[in-house]
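Peer 1: Give me the fold of what follows.
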Amino acid sequence: MQEKACLDTGVIYLYYRKNAPEKVEILINKIKNQTIIAYVPKTTLIEVYKHLCVTDGKDFATSCISSFQHNVIAQYISLTSELILIAGQLKCQYRLKLSYNDCIALAIALQKKAKFHTTEKNLPKIENLQIVKYDF
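Peer 2: Numbering: from 1, shown residues only. Model prediction:
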């Protein structure tokens, strides 16, 4: 079975930093080569844009997001009724620990049975969730 990955904001943000961690480069290349099936919440792209815009400006952020969507073969996921309920349950249960975007990405990872690729350091233990952490 082909490996599945759900990407959070931090991983995509790191990909566009100078001297991106090798582990991130390898992941994105495997996604580009379709060795890994990737899922990216569309809402995550908003957060990535914001971080890139703050650090490097609007033009850079626009270029990165456009490039990512064009060059990284992923399934860009919109919210569905089912995802809203799963994410809402996660937010209710972990309201002090998880952001809304984290809950959406986690809901997708759980629904798609994908590993959650993240830079978050203190994620709670969630049943049936595999986590791959990236340091920076």
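
Peer 1: Secondary structure element for the residue of the chain most remote from its centre, which one?
Peer 2: Going by Cα atoms, centre = their mean, the residue of the chain most distant from its centre is residue 59, 21.7 Å out. Secondary structure assigned from DSSP states H and E places residue 59 in helix 58-71.

Peer 1: Now the element after that helix, going C-ward?
Peer 2: The element immediately downstream of helix 58-71 (helix or strand, assigned by DSSP H and E) is strand 75-77.

Peer 1: Paired strands for that next one, with orientation please.
Peer 2: Partner strands and pairing direction for strand 75-77 (DSSP bridges) are strand 36-41 (parallel).

Peer 1: how about whichever helix or strand comes after the partner strand as CSV, C-alpha atoms only?
Peer 2: Once strand 36-41 ends, the next helix or strand along the chain (criterion: DSSP H and E) is helix 42-56. Once non-C-alpha atoms are left out, helix 42-56 reads as follows in CSV (Å, rounded to 0.1, in the frame of the first residue of the first chain):
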residue,chain,number,x,y,z
LYS,A,42,-6.8,24.2,1.7
THR,A,43,-7.1,26.2,5.0
THR,A,44,-3.5,25.2,5.7
LEU,A,45,-2.4,27.1,2.6
ILE,A,46,-3.9,30.3,4.1
GLU,A,47,-1.8,29.9,7.2
VAL,A,48,1.4,29.1,5.2
TYR,A,49,0.8,32.2,3.1
LYS,A,50,0.5,34.3,6.2
HIS,A,51,3.8,33.0,7.7
LEU,A,52,5.6,33.5,4.4
CYS,A,53,4.2,37.0,3.9
VAL,A,54,5.2,38.0,7.4
THR,A,55,8.8,36.8,7.0
ASP,A,56,9.4,37.5,3.3
